[in-house]
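[1] I would like the atomic coordinates for the input below:
(one chain, ligands or ions: 2)
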Amino acid sequence: MTDASTRTSRLDAVIVGAGFAGMYALHKLRGLGLSVRAFEAGSGVGGTWYWNRYPGARCDVESLEYSYSFSDPLQQEWEWPERFSAQPDILKYANHVADRFDLRRDIQFNTRVKSAVFSRSSNLWTVQTDRGDVIEARFCIMASGNLSLPRVPDIQGIESYKGEWYHTGQWPKTPVDFTGKRVGVIGTGSSAIQLIPVVAEQAKHLTVFQRTANFSLPSGNEPLDPAFVRAFKQRYTEHRAEADRTPFGIAGHPPPTKFSREATPQEREQAYTARWGTGGNIAFLYAYKDLLVDKEANEIASDFVRRKIRETVKNQAVAEDLLPNDHYIGTKRLCLDLGYYETFNRDNVSLVNLRKAPIETITERGLRTTQAEHALDAIIFATGYDAMTGALLDIDIRVENGPSLRDKWAAGPTTYLGLLTAGFPNLLIITGPGSPSVKSNMIAAIEQHVDWIHDLLAHVKASGIARVEADPQSEQSWVSHVNDVANSTLYPLANSWYVGANIPGKPRVFMPYVAGLDKYRVICNDVAASGYRGLVMER
Ligand code: FAD
Ligand code: N01
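    Ligands and ions are numbered 1, 2, ... in the order given. As a prediction, this is how the structure comes out:
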């Protein structure tokens, strides 16, 4: 593996991050004849899939969809082994893409960008890294990820703990063997729900510390049938075009035609039963048009899943603790699992309901709640991320003699289209707050963003423009629109990372744009066709 370790001091564009966003941005911007370099904190490509090596990690959007569409030869030649592929296979794919498009020569690994300061007199960003690089660049492209800053909660006593501890988003490269160990998992989000069944198979005893019960559906994962894949690939291009016209960037699920109230109880039962276990959270949420906007409709779907939990978990006291009752189904990321609820039927697994017995402290030997001390050889923090804004605000981004991005976003992030933020010229954000990103197939969202940024930079180059930034009024209108759309749904009601509720002190702002990737794409195309309405450009 070669590493672009020579330090160029002047570039057209710096890209922060070499996950799926940074890799594609590098590929596309090279095509404009720009000098570009990506800086990546990890030692390899893949982003999420480089860091999340925890047992059980896999995608929840089917692999034939959760993959790049920009190159037909790539999508034709790549063979996914499973419907929802596991992390090692997704990382293999990322490495294949890096090799196939010769990306590594312009990626500097093991390098964290610490600051980026824009000068309005030179129209250049000065970017500094933790390895002492100082780079001047006209454009700064933030591909730093919105689930890339792992968060270990401030639980007192952690420094005194004598056992091993891990965070799912910073998993060691060498597999961890939990055989014969007493393991504790803190959290029951998507990461935990994937990890728990696998670790339970190994550990002597697994204790799951749950603060908020979550909804999960059986994924129905299975090896991909070669005949199915052959047929799928024959119409890959049409399939991707169809996906572009859907809210989630995923084709193959007919959009709902009925409201829940228009169906009889028997019809609803049939609809949810047909979707249970067939895989895909989209299929489930697509049962009726109003599932994510109408409380009553949602409650019926939520109740269906609660019944399934009661039927699956033998110990009814444990089942009751596992019943989600603090949010509407789908308003937090709807998890997919492989035997999550079944795992609680194992003799070596126990559940601690932290609502009844909150954590008091981590001790030398394990973890103490208000009711008991749990001796643990290992603790796994499946406690999530400082999402959407964390990685961006971790970098000191500022304009010379002006406020920093941290100052500007102190009350919550504001952007135009999720792509630019007023007052920070020549800064482009991929999957930023105010974009559909996490509410869609993220690779589809990434491709749409990068293509739009590519076209903007082509326009800037052709027109001799030195500085491009969002107009503050247009940004304000976009923020209001994002809020209006969110407030017409049930999403903002949940205490999720979509509103920053998982980080104490983070302003409560609903960050994703939930009108759908299809509608968003039309808006972005329209902005470009209008000569970039809402952007201020200076020569
Ligand atoms: P990332 O993959 O997060 O890459 C960002 C990169 O930037 C990282 O490698 C990071 O090291 C680097 N970086 C950040 N800050 C700096 C800095 N200051 N200096 C240098 N480097 C920096 N989405 C889906 O649509 N479907 C799924 O099935 C799905 N599954 C997921 C499973 C897990 C476990 C997680 C955590 C997320 C999942 N997601 C999924 C969301 C996933 O993050 C995106 O799909 C996608 O991989 C994001 O790509 P990215 O390049 O934007 O960001
Ligand atoms: O993180 P999360 P995640 N004490 O924030 C708990 C994507 N993803 O890594 O709900 C006790 O969802 C917290 O409890 P509560 C996907 O987009 C996808 O699991 O805050 N518990 C919660 O249970 C996902 O949404 C896949 O009360 C504490 C958990 O930790 C996103 O990444 C797989 C706590 C955190 O859940 C993040 O998922 C994995 C504390 N102090 C990830 N602090 C796929 O399947 C936090 N918790 C594709």
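
[2] tell me the mean pLDDT over stretch 105-114?
    Averaging pLDDT along stretch 105-114 gives 98.

[3] buried sites along it?
    For stretch 105-114, the neighbour count (16 or more other Cβ atoms under 10 Å) marks Asp106, Ile107, Gln108, Phe109, Thr111, Val113 as buried. For every residue, glycine as well, the C-beta is placed using N, CA and C.

[4] then stretch 528-539?
    So for stretch 528-539, counting by 16+ other Cβ under 10 Å, buried means Ala528, Tyr532, Gly534, Leu535, Met537.

[5] just those: which are in strands?
    Leu535, Met537 (DSSP state E).

[6] in the buried residues of stretch 528-539, find the pair that's most separated.
    Ala528 and Met537 (12.8 Å; Cβ to Cβ).

[7] now do the contacts for the residue of the stretch 151-300 of the chain at minimum distance from ligand 1.
    Ranked by Cβ to the nearest ligand atom, the top residue of the stretch 151-300 of the chain for proximity to ligand 1 is Ser191, at 5.5 Å. By Cβ atoms under 8 Å, 6 or more residues apart in numbering, the residues touching Ser191 are Asn52, Tyr54, Ala57, Thr168, Gly169, Ala382, Gly384.

[8] so how far is ligand 2 from it?
    3 Å (Cβ to the nearest ligand atom, to the nearest Å).

[9] and that residue, how far from Pro218?
    Distance from Ser191 to Pro218, counting by Cβ to Cβ, to the nearest Å: 17 Å.

[10] and if you look at Pro472?
    47 Å.

[11] can you pick out the residue with more neighbours from the two?
    Neighbour comparison, Pro472 and Pro218: the larger count goes to Pro218, with 18 against 14 (by other Cβ atoms under 10 Å).

[12] so what's the residue count around the residue nearest to that one when sequence neighbours are not counted?
    Of all residues not flanking Pro218 in the chain, Gly277 sits nearest, at 4.5 Å (Cβ to Cβ, 6 or more residues apart in numbering). Per other Cβ under 10 Å, the neighbour tally for Gly277 reads 11.

[13] same question, the one 4 residues further on
    Residues lying near Asn281 (other Cβ under 10 Å) number 22.

[14] is it true that it touches Asp337?
    No - counting by Cβ atoms under 8 Å, Asp337 is not a contact partner of Asn281; they are 10.9 Å apart.

[15] roughly how far does Gly33 sit from ligand 1?
    Distance from Gly33 to ligand 1, by Cβ to the nearest ligand atom: 23 Å.

[16] wait, a strand at that residue?
    No - counting by DSSP: H, G, I helix; E, B strand; the rest coil, Gly33 falls outside a strand, being coil.

[17] contacting residues around the closest residue to ligand 2 within the stretch 301-450 of the chain?
    Residue nearest to ligand 2 within the stretch 301-450 of the chain (Cβ to the nearest ligand atom): Gly384, separated by 2.5 Å. Residues in contact with Gly384 (Cβ under 8 Å, 6+ apart) are Leu147, Pro150, Arg151, Gly187, Gly189, Ser191, Trp497, Asn502.

[18] how about the residues you listed in TSV, adding distance to Pro226?
    Listed next are those as TSV, based on distance: Cβ to Cβ, whole Å:
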residue	distance to Pro226
Leu147	33
Pro150	37
Arg151	41
Gly187	37
Gly189	34
Ser191	31
Trp497	38
Asn502	41
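
[19] let me know the closest of those to Arg235.
    Leu147 (31.5 Å).

[20] give me the element Val117 is part of.
    Here Val117 sits within strand 113-119, counting by DSSP states H and E.

[21] and that strand, what does it pack onto?
    Helices and strands touching strand 113-119, by 3 or more Cβ pairs under 8 Å, 6 or more residues apart in numbering; DSSP states H and E, are strand 10-16, strand 124-129, strand 396-399.

[22] tell me which of those strands sits most buried.
    strand 10-16 (a mean of 22; mean count of other Cβ atoms under 10 Å).

[23] one step back: including mean pLDDT and distance to Ser67, could the helices and strands packed on strand 113-119 go into a markdown table?
    Formatted as a markdown table, these follow (pLDDT from 0 to 100; distance: least, Cβ to Cβ, whole Å):
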| stretch | mean pLDDT | distance to Ser67 |
| --- | --- | --- |
| strand 10-16 | 97 | 20 |
| strand 124-129 | 96 | 30 |
| strand 396-399 | 97 | 31 |
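
[24] looking at these, which is closest to ligand 2?
    Among the helices and strands packed on strand 113-119, strand 10-16 sits nearest to ligand 2 (Cβ to the nearest ligand atom), with 19.7 Å.

[25] okay, the angle between that closest one and strand 113-119?
    130 degrees (axes from the mean of the first three to the mean of the last three Cα atoms, to 10 degrees).

[26] quick revisit: which one of the buried residues of stretch 105-114 sits closest to Leu457?
    Closest to Leu457, out of all of the buried residues of stretch 105-114 and judged by Cβ to Cβ, is Asp106, at 16.0 Å.

[27] can you report phi and psi for that closest one?
    phi -120, psi 20 (degrees, to the nearest 10).

[28] which parts of the stretch 201-350 of the chain are strands?
    205-210, 216-218, 335-337, 349-353 (DSSP state E, counting those that start in this stretch).

[29] let's have the ones you listed in CSV, adding distance to Val198 and mean pLDDT.
    Converted to CSV, the strands of the stretch 201-350 of the chain look like this (distance: least, Cβ to Cβ, whole Å; pLDDT from 0 to 100):
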stretch, distance to Val198, mean pLDDT
strand 205-210, 10, 98
strand 216-218, 14, 95
strand 335-337, 11, 94
strand 349-353, 12, 98
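
[30] quick check: which of those strands is nearest to Ser71?
    Closest to Ser71 of the strands of the stretch 201-350 of the chain, according to Cβ to Cβ: strand 335-337, at 27.5 Å.

[31] which residues does the residue in the stretch 351-500 of the chain positioned nearest to ligand 1 contact?
    Proximity of the stretch 351-500 of the chain to ligand 1 (Cβ to the nearest ligand atom) peaks at Met442, 3.1 Å away. Each residue near Met442 by Cβ under 8 Å, 6+ apart is listed here: Phe20, Val61, Tyr66, Thr431.
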